[in-house]
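*Asks:* Return a 3D structure for these sequence lines:
(2 chains)
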Number of protein chains: 2
Amino acid sequence: MSSQAPHSTLLIPGPIEFDDAVLQAMSHYSESHVGAPFVAVFGEVLSMLRKLFQTTNPASQPFVISGSGTLGWDQVAANLTEAGDEVLVLHTGYFADSFADCFDTYGAKATQLKAPIGDRPQQDAVEKALKEKKYKLITVTHVDTSTGVLSDIKSLAELVHRVSPETLIVVDGVCSVGSEEIRFDDWGIDVVLTASQKAIGCPAGLSIVMASGRAIETFKARKTKPTSYFGSWKNWLPIMQNYEAKKASYFATPSPQLVRALHTSLTQILSSPLDERFARHKAVSQKIKQTVASIGLKQLAEKPENQANGMTAIYLPEGIAAAQILPNLLQKGVIFAGGLHKEIATKYIRFGHMGVSVTDSKRDDIDRALDALKSGLSEAGYKAP
Amino acid sequence: MSSQAPHSTLLIPGPIEFDDAVLQAMSHYSESHVGAPFVAVFGEVLSMLRKLFQTTNPASQPFVISGSGTLGWDQVAANLTEAGDEVLVLHTGYFADSFADCFDTYGAKATQLKAPIGDRPQQDAVEKALKEKKYKLITVTHVDTSTGVLSDIKSLAELVHRVSPETLIVVDGVCSVGSEEIRFDDWGIDVVLTASQKAIGCPAGLSIVMASGRAIETFKARKTKPTSYFGSWKNWLPIMQNYEAKKASYFATPSPQLVRALHTSLTQILSSPLDERFARHKAVSQKIKQTVASIGLKQLAEKPENQANGMTAIYLPEGIAAAQILPNLLQKGVIFAGGLHKEIATKYIRFGHMGVSVTDSKRDDIDRALDALKSGLSEAGYKAP
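*Replies:* Below is the predicted model:
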């Protein structure tokens, strides 16, 4: 029996439903941010993140900073680029536009490589772009929250290593870390940035970043100073290193409650093999996608290899608007999200299936959601084939 | 009876002890950041902040962003200054150095006006500085967490309005909002920046800013773009205006749990007249300072008019180090903070007395702390006069 008050099940692509123990950690009594108990917890969080990202290289550096996933973009742009640097942004939806805007703010020149809605830039197009210009870094949205498009990080990283080995590989993993396989060392990634409130399963409020030794060296070799204060690795690097060594350290006050909640969720995630976790997300995602197809609906991401395992973006039938179906689903106790891609926002809905809704066998969130979707569409006049 | 697990009482100058109801709000079940229930709560938080800062001018603009108090500095520097702008930073301890460093990061030229440890720049010195150069803005740390020095914002604002009326007045209220009187409109302040975890009484993780209409106009009249992405008012202004109008809006995902906790703490604070709250903090502070004096100890802030009402920074007796007395106090169930001012860090301790430890008559935090301090010093060999 959950200790949470009864509520509609949150199945948007983040924030997701949280485990009772994680929410209980949020109400931990107040403690000093430089006291031994909290310092130990923060240090363990940083060590656990190494496991989550599958990196054993001691040069890799985790960061946990109060903020949102967006702050990860600032960390990348302000610490790894200098004015005039060229960056290649692979576009799979809403979030590439914003990341490009972030680079622009810090003086880097972002070139966007766009794909049609529901698709992602193909390897040959990326290869061509990398050969045309020397890019300081390339960014890719692992799962685009606006479209549910999955990128193939492993193949992309291989390509970059082959064609432009000096280019840093930056993965926006806000909607993928915890639900999609990420092998930081094996794939040779330089930065993964994410947030707490999606498949990591901890309330929003933390920017989480893993940087490679190469990224840190690039940062240290800057000719100019980092151009953000709050996001500056110059300020945070010694703090993170001290916390992980269980030494108190101060730059800006962290949130002990959020960090304790993250400690709880990471402990839960790492209590089972990560491969099992990813397989479970994939299996549940397959079931959802099959059901969606069986009632005659299409996904934004048409090609199976483009489909995320932690969310599904679904085109609504002709004549049924998101503003009509979402309140109906809410009445049935299920919260889905509306569209986020400007051009087609009213024409699709997004179903998030990450974390405890997928992994906790005591929950029936997914089945209830699929039933609600079917009956909701039927009540709206839709006849499944 | 508190619902919190037994723990040592946290009496550092932030984070402070939190009320049970505030901590319970932290474990609120997951909800959509763009759903009607949360949008209403966020909107009410913004409206309540207007009351807390005593501003009724509709042009004033509150901001609540995931981050720490430090992010408020970035907001000021990145939105209100442009490369080459001159700013005057009044120095009362550790935090002015850091704020100046933040301005430097964003290309503004910070001139620091320093005072001896425990003191603050005098009015005539500020007047002289303002007459020597045209400053875009002046910053003052209302209560310097490193020294417990209180600045007189009302008199300072009068001076600035008289001598350099175009200079924006920026108050670092991280350690003052909620425990010291601030009359945003009456005193003609342009920015107060603060954080959630001190006298506002909500766990760390939120940067809270109130900006005047004049500050917003200055921002809008920029010749160059804001030089931060995550801290940019260009990105946040429409979001805050929408939330306060109870309209869903998205730039970066806020933390529903933290915002709900802030809603709870602000509701509690505003349930009594603010003047009573400030008078209560002052009365308790007086009692603490009298006790400290009665046992022969000196404060860093020697002059009564320089002494904060929410914290006390106390010189230890000759021969007793902070590293010796703090663990002893911890054993007695009371957590004080060590020194933070580089030059004298080991020679003093800091006692925070804000929020429920002061206002909740069911608590005996302050009396226990004073008793622990007296007996702890005695056990360390100190003989009070």
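*Asks:* all helices for the stretch 251-385 of chain A, in order.
*Replies:* A:256-269, A:274-294, A:322-331, A:356-359, A:365-379 (DSSP state H, counting those that start in this stretch).
*Asks:* Distance from the chain centre to the shortest one, please.
*Replies:* Centroid separation between helix A:356-359 and its chain, computed with Cα atoms, centre = their mean, to the nearest Å, is 16 Å.
*Asks:* what about it, near chain B?
*Replies:* No: using Cβ under 8 Å from any Cβ of the partner chain, helix A:356-359 stays clear of chain B, with a minimum separation of 9.8 Å. Every residue, glycine included, has its C-beta placed from N, CA and C.
*Asks:* Relative to chain B, how far out is residue A:34?
*Replies:* 8 Å (Cβ to the nearest Cβ, to the nearest Å).
*Asks:* Quick check: the residue nearest to that residue when sequence neighbours are not counted vs residue B:196, distance?
*Replies:* Setting aside the residues directly before and after it, residue A:34 is nearest to residue A:248 in space (Cβ to Cβ, 6 or more residues apart in numbering or on different chains), at 3.9 Å. Using Cβ to Cβ, to the nearest Å, we find residue A:248 at a distance of 21 Å from residue B:196.
*Asks:* quick one, which of those two is more surrounded?
*Replies:* Using other Cβ atoms under 10 Å in any protein chain shown, the more surrounded residue of residue A:248 and residue B:196 is residue B:196, with 32 against 16.
*Asks:* Backbone dihedrals for that one, please?
*Replies:* For residue B:196, the backbone dihedrals (degrees, to the nearest 10) come out as phi -80, psi -30.
*Asks:* follow-up on the earlier one: which one of the helices of the stretch 251-385 of chain A is the most hemmed in?
*Replies:* Counting by mean count of other Cβ atoms under 10 Å in any protein chain shown, helix A:256-269 has the highest mean neighbour count of those, with a mean of 24.
*Asks:* so that helix versus helix B:256-269, what angle?
*Replies:* Put simply, helix A:256-269 runs at 150 degrees to helix B:256-269, going by axes from the mean of the first three to the mean of the last three Cα atoms, to 10 degrees.
*Asks:* quick one: average confidence on helix A:256-269?
*Replies:* Mean pLDDT, computed over helix A:256-269, is 98.
*Asks:* That helix: how far from the chain's middle?
*Replies:* 17 Å.
*Asks:* ok and it relative to helix A:274-294, angle-wise?
*Replies:* Using the same axes, to 10 degrees: helix A:256-269 against helix A:274-294 is 90 degrees.
*Asks:* packing partners for helix A:256-269?
*Replies:* helix A:20-26, helix A:36-52, strand A:61-66, strand A:206-211 (3 or more Cβ pairs under 8 Å, 6 or more residues apart in numbering or on different chains; DSSP states H and E).
*Asks:* Which of these sits closest to residue B:232?
*Replies:* strand A:206-211 (15.8 Å; Cβ to Cβ).
*Asks:* out of the helices of the stretch 251-385 of chain A, which comes closest to residue B:292?
*Replies:* helix A:256-269 (28.1 Å).
*Asks:* quick one: the closest one to helix A:36-52, angle?
*Replies:* Using the same axes, to 10 degrees, helix A:256-269 lies at 40 degrees relative to helix A:36-52.
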